[in-house]
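[1] have a look at this prediction, sequence included:
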Amino acid sequence: MKFAAGLKKQDVLRTGGGWLVAVVMAFPVFWMALAAFKTEQDAAAVPPKLFFEPTLENFVAMSERVAYWHHAWNSIVVSFSSTLIAIALAAPAAYVMAFHASKLTRSLMLWMLSIRFMPAVGALIPIYLILVALDMLDTRLALVVITCLSNLPLIVWMLYSYFKEVPPEILEAGRMDGARPLKQLWYLLLPLTLPGIASTGLLGMILAWNEAFWCINITATNAGTLALAIASFANSEGQFWAKLSAASLASIAPILIFGWITQRQLVRGLTFGAVK
Amino acid sequence: MTALTLKNIHKQYGDVIAMKGIDLQVQPEEFIVLVGPSGCGKSTLLRMIAGLEDITSGEMFIDNVRMNDVEADARGLAMVFQSYALYPHMTVADNMGFALKMAGVPKKERYQKVLAAARILQLEKLLDRTPRQLSGGQRQRVAIGRAIVRRPKIFLFDEPLSNLDASLRVQMRIELAELHRKLKATMIYVTHDQTEAMTMADRIVVLRDGSIEQVGTPLELYNHPANTFVAGFIGSPKMNLVPAEVVEQANGSARLDLGEGSSVTLPSHPGLAPGVKLTVGVRPERFVQSDTGSISGVIAVVEHLGGETLCYADIRPGTRLTVKLGAMSPVKVGDSIRLALQPGGALLFDADGKAMH
Amino acid sequence: MRFWPLLLPSVGVLLVWMIVPLVMTVWYSLQNYNLQSPPAQFGGLVNFEYLFTDPDIPVVVWNTVVLVFGPLVVTVCLGVAFALLYDGPFPGRGIARLLVITPFFVMPTVAALVWKNLFFHPVWGLLSWAEQSLGMQPIDWFSSHPMVAVVIIVSWIWTPFATLILLTALQSLDRDQIEAARLDGAKAVSRFIHVVLPHLMRPLSVLIMLETIFFLSTYAEIYVTTMGGPGTATTNVPFYIFSRALQGFDVGLASAAGLFAILIANVIAFFFTKRLSEHL
């Protein structure tokens, strides 16, 4: 059944449906982004305003109410360092699992993955008590360590899956050329898997950035990341909604971009390769 | 002093025995070929020598030094892989110089050595290219060049020619043989192609199912195979292996019945008592067309190769002989043919397949 | 096993990460320990007794179940639908796809706040405006339908995840099978049931297992919107533990509850890793 030249009913439905779904799903973010540029009055207006005079006052005032830059810096530091450390710890292990696999390494991998599935809440009390004892509540260091450990299994897995794509003969040739494992890693494996490592890094940073559970519970004003800053607005009145939207937009924008770039790797990573 | 000594090498994966009872001595500057059908363990053996696989039991000595526990990166050997395994992200020069870099050789010296090896293989113009930009033949040269640069104690080749097309393969065979002469190096070469083995080797090691069937020079293996497997494996076209039974023994000769009127008469010896069942091996070129020949058959297929003619004659249902005849042979399909043997043309193998002398 | 120095850093660190909290949780679950009145005293199975008799527990367990199955059903159904929709080309598909997956990358706290203030808010929310335009009384979602609201938020965040996974799986479907079915006269619905659905079974089971594990730990969305309320209407197991431990300061009880959370998660993880081990 054709509507117009070359345009089948099915195509029209698909296009219409596809775009409708896209708009509906993205709408909340869009609406929030809109609010970020409204004055508080406009943001609170009923009926909701679609057209208004945009203003940047919220972004300017963000720092006052939300201490945006301070928390943004914490977010950056925590995401970046926890991911970097995780990759450094994970790479050698992933190397062994990819190129010198044995029953032991397979069991280790499965064990690591099973840790990933443990509810964070199960470790909440012990970790909290330990941090209290060490006087490390509300420190960036504590958050970096915990975030790193939470994401470590996933990062090991992702590096492993990228390493496996390198033909083992190349590393064997390196061995014959006199390269010990760490040298093989550095001169041969890492250059060849750089794109994969980058994707892993991005994914790690996304997960670290969005991490809210630990942030809410063990950090506060000093080391809190943006996740916490936003959460502390939970009971805020609507008077600050526009500012909150601006802060929120500024908080999620970088990750949205990362996420768009890495969407394919996301599937591979989060399903642990079970879906190709 | 031998370049390489293997003593009673065993290789086991869990419960599966992959190699057993391997004993071998390789002399310096020898070109040894490990040959056998798929799964015979030749690559496994090579990798054990290289250190890429562990030796389950037995001992291995290189230059009389025990090497079982020495890491692959410390044995001083070089290997050319079947897939070449060039480092995709490095130039040809860096590929060839990598081992020297690992050994801490300074840049200038590295470059000199790389250049010298490149000259031997005519690779000077390609030094700045990456593997992606090379043809299959060029990549293979780089893989060989990478091995040469290291001046290893032994060169190991793992089926290096199998990924090349036929004409390139022939050319590379000759070049490798010349390389061996020029470098005066010990080389251990793995292939499944018996032609490569015959043309390149000083000595051939025939492997089957993880054991050595025979070790010898090409001509030794060709003329005096130790069993029916080696007899059938070496030589192309394959040697004819015909089941036979001794029917008569008298006056210093024994007559062996091949079935349906064909027979051969050979000088007798004690093992040839009447009733003994054995296998007669005859190479296709050892038949002679003769009106008084004792073997008779019907021609089923004729192949004119130009320089020679191959015909396949059925002497009885289920037994087809491959016979090599002269270039202009007039035989046709359906003709009857009578054959005799050249003196010494028959090899005898007992009921277990072992050569009888 | 000469590579243990390479494995040790990550394995060692994870071992500590797993064992220390576990041991401590077990220890504390057997203690009477209230942070406001230390020290801890051995209490035996008192905490577990209390756990089983706490009248809140059935509600909490039920909430947890609802919070797992609700979003699960929504995300899977929508995920399948969206994946089918995006499986074929249409103008601007790339951009539309980016828009569809956006919710997943939004911080859960931000996502919850957006929904709370922009949509569900009885005065300023879009939904209230829509309801009033239809002549209805604006609904205070978080008071009257808190669970529904939270389920909506979680579903919104995770539908892109389901969509991405199922879309990836669909794109590995052999087109020839569908063509053959079409030639055999199968209509679209029948093609879906007999060709597409079986192919999706495996990714679906992976998806369901993964989402179950993640939904069991829903936390930030609750914290930001209802704080488990009204009362315990939206308290699930993680939130229960949090409230008992960091608000009620009863470490012993929270640890006991924590053990259960770990146990349930372990059971599911066991099945999942068994499935995964086939792929390694």
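    Okay, I see it.
[2] can we go C-alpha only for contacts and neighbour counts from here?
    Fine.
[3] pretty sure C:T64 sits against C:F239.
    No - contact criterion Cα atoms under 8 Å: C:T64 and C:F239 do not qualify, at 9.7 Å.
[4] got any ranges where the stretch 151-280 of chain C has weak pLDDT?
    C:278-280 (pLDDT under 70).
[5] now the helices for it?
    Along the stretch 151-280 of chain C, the stretches classed as helices by DSSP state H, counting those that start in this stretch are C:175-183, C:188-191, C:197-216, C:220-225, C:237-242, C:251-277.
[6] return the helix or strand in chain A with minimum mean pLDDT.
    In chain A, no helix or strand scores lower on mean pLDDT, DSSP states H and E than strand A:2-4, which sits at a mean of 48.
[7] and the residue of the stretch 1-150 of chain A that's closest to chain B?
    A:H100 (10.8 Å; Cα to the nearest Cα).
[8] what's around that residue, how many residues?
    12 (other Cα atoms under 10 Å in any protein chain shown).
[9] OK, contacts around residue 240?
    The chain I'm using is chain A. A:E40 (Cα atoms under 8 Å, 6 or more residues apart in numbering or on different chains).
[10] that was the other one, I meant chain B.
    Contacts of B:N240 (Cα under 8 Å, 6+ apart): B:232, B:280-284, B:321-322.
[11] distance check, C:V68 against B:L339.
    In this structure, C:V68 and B:L339 are 86 Å apart, going by Cα to Cα, to the nearest Å.
[12] cool, and B:L207?
    33 Å.
[13] which one's more surrounded, the two?
    B:L207 (24 against 20).
[14] what's across from the more buried one in the sheet?
    Counting by DSSP bridges, B:L207 forms beta bridges with B:I212.
[15] quickly find the element holding the residue nearest in space to the middle of chain A.
    Compute the mean C-alpha point of chain A, and by Cα atoms, centre = their mean the closest residue is A:I206, 1.3 Å away. Per DSSP states H and E, A:I206 falls inside helix A:194-210.
[16] list phi and psi for the residue nearest to C:Q171 when sequence neighbours are not counted.
    Leaving aside its sequence neighbours, C:Q171 sits nearest to C:D87 (Cα to Cα, 6 or more residues apart in numbering or on different chains; 6.9 Å). Torsion angles at C:D87 (phi, psi; degrees, to the nearest 10) stand at phi -70, psi -30.
[17] C:D87 contacts C:L173, doesn't it?
    No - the pair C:D87 / C:L173 is not scored as a contact, 10.3 Å apart, by Cα under 8 Å.
[18] between the two, who's got more neighbours?
    Neighbours per residue, other Cα under 10 Å: of C:D87 and C:L173, the larger number sits with C:D87, 18 against 15.
[19] ok, now how distant is the more buried one from chain B?
    Here the criterion is Cα to the nearest Cα, to the nearest Å. By it, C:D87 lies 34 Å from chain B.
[20] and that residue, what is it in contact with?
    C:167, C:170-171.
[21] where does the stretch 51-200 of chain C come near chain A, residue by residue?
    C:82, C:85-86, C:88, C:90-91, C:93, C:96-103, C:105-110, C:113-115, C:117-118, C:123-124, C:126, C:129, C:156, C:164-165, C:168-169, C:172 (Cα under 8 Å from any Cα of the partner chain).
[22] what do you get if the cut-off is 7 Å, keeping everything else the same?
    With Cα under 7 Å from any Cα of the partner chain as the criterion, the stretch 51-200 of chain C comes near chain A at residues C:85-86, C:90-91, C:96-100, C:102-103, C:105-110, C:113-114, C:124, C:126, C:129, C:164-165, C:168-169.
[23] in helices, which of these appear?
    The helices, defined by DSSP state H, take in C:85-86, C:96-100, C:102-103, C:105, C:108-110, C:113-114, C:126, C:129, C:164-165, C:168-169 from these.
[24] can you count the residues close to residue 176?
    Because you didn't say which chain, this covers chain A. Neighbour number of A:M176 under other Cα under 10 Å is 25.
[25] not what I meant, chain C
    9.
[26] and what of C:I101?
    With other Cα under 10 Å as criterion, C:I101 counts 26.
[27] what about the nearest residue to it once chain neighbours are set aside, neighbour count?
    Nearest non-adjacent residue to C:I101, counting by Cα to Cα, 6+ apart: C:P160, 4.6 Å away. Close neighbours of C:P160, defined as other Cα under 10 Å, add up to 26.
[28] follow-up on the earlier one: just put the contacts of B:N240 in CSV and tack on distance to A:K9, secondary structure and neighbour count.
    Formatted as CSV, these follow (distance: Cα to Cα, whole Å; DSSP: H, G, I helix; E, B strand; the rest coil; neighbours: other Cα atoms under 10 Å in any protein chain shown):
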residue, distance to A:K9, secondary structure, neighbour count
B:G232, 68, helix, 18
B:V280, 77, strand, 23
B:G281, 75, strand, 21
B:V282, 75, strand, 24
B:R283, 74, coil, 25
B:P284, 72, helix, 22
B:L321, 70, strand, 24
B:T322, 69, strand, 24
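[29] in the stretch 1-150 of chain C, where is pLDDT below threshold?
    Using pLDDT under 70, the stretch 1-150 of chain C drops low at C:1, C:38, C:40, C:122-124.
[30] can I get the helices of the stretch 151-280 of chain C in TSV with distance to B:H192?
    Converted to TSV, the helices of the stretch 151-280 of chain C look like this (distance: least, Cα to Cα, whole Å):
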stretch	distance to B:H192
helix C:175-183	39
helix C:188-191	49
helix C:197-216	41
helix C:220-225	64
helix C:237-242	63
helix C:251-277	36
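[31] to chain B, which of these lies closest?
    Here helix C:251-277 is closest among the helices of the stretch 151-280 of chain C (Cα to the nearest Cα), at 20.3 Å.
[32] what angle separates that closest one from helix C:197-216?
    On the basis of axes from the mean of the first three to the mean of the last three Cα atoms, to 10 degrees, helix C:251-277 is oriented at 160 degrees to helix C:197-216.
[33] mind listing what's buried along helix C:251-277?
    C:251-259, C:261-262, C:265-266, C:268-270, C:272-273, C:276 (16 or more other Cα atoms under 10 Å in any protein chain shown).
[34] same question, stretch A:142-154
    In stretch A:142-154, counting by 16+ other Cα under 10 Å, buried: A:142-144, A:146-154.
[35] then stretch C:133-141?
    C:138-141.
[36] give me the contacts around that stretch.
    Residues from elsewhere that reach stretch C:133-141 (Cα atoms under 7 Å, 6 or more residues apart in numbering or on different chains): C:120-122, C:128, C:131-132, C:149.
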